[in-house]
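# I would like to see how this sequence folds:
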Amino acid sequence: MKLYPIHLTAAVAMASLMLACGGKTETATGNTEAGTAQTTDTAKAGEDSKDTLTADAVTSATNVANSPTFNGVLVVSPDKLATVSSTMGGRIHRLYVMPGKAVSRGQVIATLDDPDFISLQQTYLEANAQLEYLKQEYSRQHALGTKDAASQKKVQQSKADYLAMKSRAMAAEAQLRALGVNLQQIKNGGIMTYLPITAPISGYVTNLNANTGKYIEEGSPICDVINKTSPLLQLTVYEKDLQLMTVGRELAFRVNGMGKKTFSATVISVDQAVDKTDYSIKAYARVKDAHQSFRPGMYVRAKIKGGV
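Okay, here's the model as predicted:
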């Protein structure tokens, strides 16, 4: 009977020992997992930091701490963009261009079919033909003298007829010039059947809004012509960085889709109005040595050269 307490004590001791070992094992395992998780989080944080630095770096030429990045797009200046339209309505008889086609100033883009154009040419030719006769008649009547009332009336009437026809001829001429018509061509070759619509500047056709047979209202745009020889950057600037964006400031920028190639630009204008939507301001910079692949609307990221 005295042996039972001894065995009971031994059993209790053994259970305590196993429990202690188990707790240490769980603790060690927990510490190992925690250490692994901490190491993983640290490595991930390092990778995130590395990605952030890469995304912020626009060019090696602008490695300046805390230098702001300005987002924007490539645009053309207003004097390099022309909208092609007609001051006379009519139906497109023939279209000579496609989007992206290079055109020269004065090149025919389309021809327009409109009966009023034919009538205007007829008025111009008839007015000029009668003008010569009325001019001679006025000179003859004036040479005969104005001795009596009848003579004076004839002179005045011939003068009025001459001036009225002259005014009519000049009005028709002005309308034809506004349409871009070569007046000498009408005088030598007669009435033109179709009105030619020509390019006002040299460049590339874009925003084409016409096709053969389509009726074009007076003043409606047919297409745009853009000249890419001197593109601009349109950058978004926020109030906190406005003091950095001054006229004459040199910028370095990259164009989306053109890799790590860096280009240069100079700030030429900063808008004075604040956009009420996001409280940003537009700044414009002229690109130096424009690339042939540049297209208006391409996304760009720019930084100030050399820092501030």
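# isn't residue 269 right next to residue 249, touching?
No - counting by Cβ atoms under 8 Å, residue 269 does not reach residue 249; the two are 11.4 Å apart. All C-beta atoms are positioned from the backbone trio N, CA, C, and that covers glycine.
# These two: which is more packed in?
residue 249 (17 against 13; other Cβ atoms under 10 Å).
# Please list all residues in contact with the more buried one.
By Cβ atoms under 8 Å, 6 or more residues apart in numbering, the contact list for residue 249 reads 266-267, 285, 304-305.
# can you pull out the strands in this protein?
Under the criterion DSSP state E, the chain contains strands at 70-75, 81-85, 90-95, 102-103, 108-113, 195-198, 203-206, 215-216, 221-226, 232-238, 250-255, 263-270, 280-288, 299-304.
# so which of those gets nearest residue 152?
strand 195-198 (45.3 Å; Cβ to Cβ).
# Which other helices and strands does the closest one contact?
For strand 195-198, the contact count by 3 or more Cβ pairs under 8 Å, 6 or more residues apart in numbering; DSSP states H and E identifies strand 108-113 as packing neighbours.
# ok, residue 296 - how many residues close by?
For residue 296, the count of nearby residues is 18 (other Cβ under 10 Å).
# How about the contacts made by it?
Going by Cβ under 8 Å, 6+ apart, residue 296 touches 73-76, 226, 228, 231.
# what does residue 275 give?
Contacts for residue 275 (Cβ under 8 Å, 6+ apart) come out as 281-282.
# any idea how far it lies from residue 76?
Separation of residue 275 from residue 76 (Cβ to Cβ, to the nearest Å): 21 Å.
# Which parts of the protein belong to which domain?
The chain is divided into the following domains under automatic domain parsing: 1-56, 58-76+228-304, 81-225.
# coming back round to it: report the lowest-confidence entry in the contacts of residue 296.
In terms of pLDDT, residue 228 ranks lowest among the contacts of residue 296, with 90.
# thought it was touching residue 76?
Yes - between residue 228 and residue 76 a contact is recorded at 6.6 Å, counting by Cβ under 8 Å.
# Count the neighbours of residue 189 for me.
Residue 189 has 9 nearby residues by other Cβ under 10 Å.
# Please apply the same query to the one 4 residues further on.
The number of residues packed around residue 193, counting by other Cβ under 10 Å, is 11.
# for it, what are its contacts?
113, 118.
# Just the pLDDT at residue 173, thanks.
The model reports residue 173 with a pLDDT of 92.
# Same question for the one 10 residues further on.
The per-residue pLDDT reported for residue 183 equals 90.
# nearest spatial neighbour of the residue nearest to the spatial centre of the chain, skipping sequence neighbours?
With distances taken as Cα atoms, centre = their mean, residue 75 lies nearest the centre of the chain, 4.3 Å away. Distances taken as Cβ to Cβ, 6 or more residues apart in numbering place residue 234 nearest to residue 75, at 4.7 Å, with adjacent residues excluded.
# Touching, that neighbour and residue 284? I think so.
Yes - the pair residue 234 / residue 284 is scored as a contact, 5.9 Å apart, by Cβ under 8 Å.
# Name the residues contacting each of these two.
Residues touching both residue 234 and residue 284 (Cβ under 8 Å, 6+ apart): residue 75.
# how about the helices in this protein?
Ranges of helices within the chain are 3-56, 115-144, 149-178, 183-189, based on DSSP state H.
# Worst mean pLDDT among those helices?
helix 3-56 (a mean of 41).
# Just give the closest residue to residue 196, not the sequence neighbours.
For residue 196, ignoring the flanking residues on the chain, the nearest one in space by Cβ to Cβ, 6+ apart is residue 108 at 4.8 Å.
# How many neighbouring residues does that neighbour have?
15.
# For it, list each beta-bridge partner.
Here residue 108 sits in beta bridges with residue 198, going by DSSP bridges.
# got the contact list for it?
By Cβ under 8 Å, 6+ apart, the residues touching residue 108 are 96, 196-198.
# same thing but at 6 Å, please
96, 196, 198 (Cβ atoms under 6 Å, 6 or more residues apart in numbering).
# And the residues you listed, which of them are buried?
The neighbour count (16 or more other Cβ atoms under 10 Å) marks 196, 198 as buried among the contacts of residue 108.
# and the contacts of residue 108 as TSV, adding distance to residue 121 and pLDDT?
Below are the contacts of residue 108 laid out as TSV (distance: Cβ to Cβ, whole Å; pLDDT from 0 to 100):
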residue	distance to residue 121	pLDDT
96	22	96
196	13	93
198	17	94
